[in-house]
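Student: make a model of this:
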Amino acid sequence: MATITARKRIWGWYFFDWASQPYNTLMLTFIFGPYFAQTATAALVADGMAVEAAKAQAQAYWGYGLTATGILIALLAPVLGAVADSSGKRMPWIWLFSALYVIGSGALWWTAPQDFSILWALFFFGIGLIGMEFATIFTNSYLPELDPDPGERGRISGSGWAFGYAGGVVALMLMIALFQAGDSGKTMAGMAPLFGLDTATKADTRIVGPLTAIWYALFMIPFFLYTRDIAKPNPVRYELGKGLSDLARTLRNLPRHPSLMAYLGSSMFYRDALNGMYTFGGIYALGVLNWSIIDIGIFGILAAISGAIFCWVGGRVDRRVGPMPVIIFCCVTLILTAILIISLTPSSVLAIDVGAGSALPDIAFYVAGALIGAAGGALQASSRNMLTRQGNPDRMTESFGLYALSGKATSFLAPALIAVTSDLTGSQRLGITPVVGLFIIGLILLAWVKPNGDFSK
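Tutor: Numbering: from 1, shown residues only. Now for the predicted structure:
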């Protein structure tokens, strides 16, 4: 560590966000998610289901797949965090979950429409998502070591998230400029898909899986070069029993730390709501507004640019006033944005008929995308910093494991509520309504959170 400067450590840590963001941007929200919905819908229609019912059913399948993955992450996250804290070694876990990220995303190349398997697609997407989520838990736990000043950690967290959004923008622009073909058979750059990818087999879209895998493997190099575990006094071997024992003790002691409990509960609901907006945004645009995947890609670029800018701004605000005001402001903004999205149809905005063929619903959805990117990015960056104030400084990886547990314990809730509501109403638009209630619950629970937590001296 003596030969690695503080600046290099911070930039190495930033590169995890840059490397991993395309899984959220390209895979979860703007390219593969809509592709799954489109392809699954076509398969269901081919089996005799009505088009609108097939769209809602495809959205429901996506939700149920994410629910299963979220439950698995929730069960394992705090245990693995406790094991890592007991041994003091996080890097081997990051290598392991990085491998799952690459394998899961790369395998999605084999999801051509001609032999499309909903189960296969959801399984490998889940493998990659598990890799991304667990790698994030362990890399987030390095944040307190990057600067002892809590205010500076807010700036670092915001800048890292902004850098990640910038990576997502670049990856998404490369995808739609070089690979993703439109109706004309040409990409946004006016060229045929690179490498002669066949549009008939959707190879121009499926390439998003290998592209995401290669991107991650390449840009994780700075992280692995400049990030090191700090030697832990009296470390123990990787012992599951020891990790479970430490976790059980932490859970028993949680009632003694009401601010931490309230924050875990609050973030559980508002992050779940945010993930619901991210996860179903592209699918919603595809099914409700009849957008193409290229349209959704442009929407994604706008949202990611907005996110990068406001993550950076939010980090500076966080440094001046702390993470709590940033979190509250972003939650209120996202509630209003969700209401706007739910009101949109191809011919109306906020229940006002604007006529068939009007561009206003599309413009309103672009505005909503910019707001989601801005408020969602700043919310996540400040939430990450807030956890460093709420958690036990001596058990920070475990704290981030609990944070992941709180985010995943009900991570099935938004997808499940959206899936069930979509099923019951037969409407994608009404299926999004549960996210509003989840944001409101999260805001209410913030009333019991101390800005500097229970462990501050």
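Student: which SSE is immediately downstream of the lengthiest helix in the chain?
Tutor: When the chain is scanned for its longest helix (criterion: DSSP state H), the result is helix 51-87. Later in the chain than helix 51-87, the nearest helix or strand by DSSP states H and E is helix 91-106.
Student: name the helices or strands packed onto that next one?
Tutor: Here helix 91-106 is seen to pack against helix 118-140, helix 208-219 when contacts are counted using 3 or more C-beta pairs under 8 Å, 6 or more residues apart in numbering; DSSP states H and E. To be clear about C-beta, it is placed using only N, CA and C from the backbone, and glycine gets the same treatment.
Student: spit out the contact partners of residue 49.
Tutor: Listed by C-beta atoms under 8 Å, 6 or more residues apart in numbering, the contact partners of residue 49 are residue 57.
Student: quick check, it in a helix?
Tutor: No: applying DSSP: H, G, I helix; E, B strand; the rest coil, one finds residue 49 to be coil, outside a helix.
Student: look up how far residue 172 lies from residue 159.
Tutor: Taking C-beta to C-beta, to the nearest Å as the measure, residue 159 and residue 172 are separated by 20 Å.
Student: for stretch 104-119, buried residues please.
Tutor: Neighbour-count burial for stretch 104-119, counted by 16 or more other C-beta atoms under 10 Å, picks out 104-109, 111, 113, 116, 118.
Student: dump the residues you listed to JSON lines, plus distance to residue 204.
Tutor: Output for the buried residues of stretch 104-119, formatted as JSON lines (distance: C-beta to C-beta, whole Å):
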{"residue": "104", "distance to residue 204": "21"}
{"residue": "105", "distance to residue 204": "17"}
{"residue": "106", "distance to residue 204": "17"}
{"residue": "107", "distance to residue 204": "18"}
{"residue": "108", "distance to residue 204": "14"}
{"residue": "109", "distance to residue 204": "12"}
{"residue": "111", "distance to residue 204": "13"}
{"residue": "113", "distance to residue 204": "12"}
{"residue": "116", "distance to residue 204": "16"}
{"residue": "118", "distance to residue 204": "21"}
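Student: farthest pair in the residues you listed?
Tutor: For the buried residues of stretch 104-119, with distances taken as C-beta to C-beta, the pair at the greatest spread is 104 and 113 (20.2 Å).
Student: is it true that residue 183 touches residue 292?
Tutor: Yes: assessed by C-beta atoms under 8 Å, residue 183 is found in contact with residue 292 at 6.9 Å.
Student: more neighbours: which of these two?
Tutor: Neighbour comparison, residue 183 and residue 292: the larger count goes to residue 292, with 15 against 8 (by other C-beta atoms under 10 Å).
Student: so which of the helices and strands packed on helix 91-106 gets nearest residue 318?
Tutor: The minimum distance between residue 318 and those falls on helix 118-140, with 15.4 Å, by C-beta to C-beta.
Student: for residue 421, grab the count of nearby residues.
Tutor: Taking other C-beta under 10 Å as the criterion, the count of residues near residue 421 is 20.
Student: roughly how far apart are residue 327 and residue 386?
Tutor: For residue 327, the distance to residue 386 equals 7 Å [C-beta to C-beta].
Student: now residue 4
Tutor: If you measure residue 4 against residue 386 using C-beta to C-beta, the figure is 27 Å.
Student: hmm, back to that, tell me, which of the helices and strands packed on helix 91-106 is the model least confident about?
Tutor: Averaging pLDDT over each of the helices and strands packed on helix 91-106 singles out helix 118-140 as the lowest, with a mean of 91.
Student: report all helices and strands that the helix or strand containing residue 224 contacts.
Tutor: Counting by DSSP H and E, the element that carries residue 224 is helix 221-226. Packing contacts for helix 221-226, counted by 3+ C-beta pairs under 8 Å, 6+ apart, involve helix 6-22.
Student: could you check the angle the helix it packs on makes with helix 208-219?
Tutor: Taking axes from the mean of the first three to the mean of the last three C-alpha atoms, to 10 degrees, one finds helix 6-22 and helix 208-219 inclined to each other by 170 degrees.
Student: buried stuff in stretch 93-101?
Tutor: With the criterion 16+ other C-beta under 10 Å, stretch 93-101 contains buried residues 93-94, 97-98, 100-101.
Student: of those residues, which is the nearest to residue 267?
Tutor: Closest approach between the buried residues of stretch 93-101 and residue 267, by C-beta to C-beta: residue 97, at 21.4 Å.
Student: please enumerate the strands of this structure.
Tutor: Taking DSSP state E as the criterion, the chain contains strands spanning 348-349, 352-353.
Student: nearest to residue 429 among the ones you listed would be which one?
Tutor: Of all these, it is strand 348-349 that lies closest to residue 429, at 10.4 Å by C-beta to C-beta.
Student: pretty sure residue 215 contacts residue 171?
Tutor: Yes: in this structure, residue 215 sits in contact with residue 171. The criterion is C-beta under 8 Å, and the distance is 5.7 Å.
Student: mind showing which ranges of the stretch 201-350 of the chain have poor pLDDT?
Tutor: Applying pLDDT under 70 to the stretch 201-350 of the chain flags the ranges 231-247, 250, 279-284, 287-288, 293.
Student: same thing but at 80, please
Tutor: Flagging of the stretch 201-350 of the chain using pLDDT under 80 yields the residue ranges 229-255, 275-301, 304, 345-346.
Student: low pLDDT regions in the stretch 351-457 of the chain?
Tutor: Judged against pLDDT under 80, the low-scoring parts of the stretch 351-457 of the chain cover residues 351, 356-357, 391-432, 453-457.
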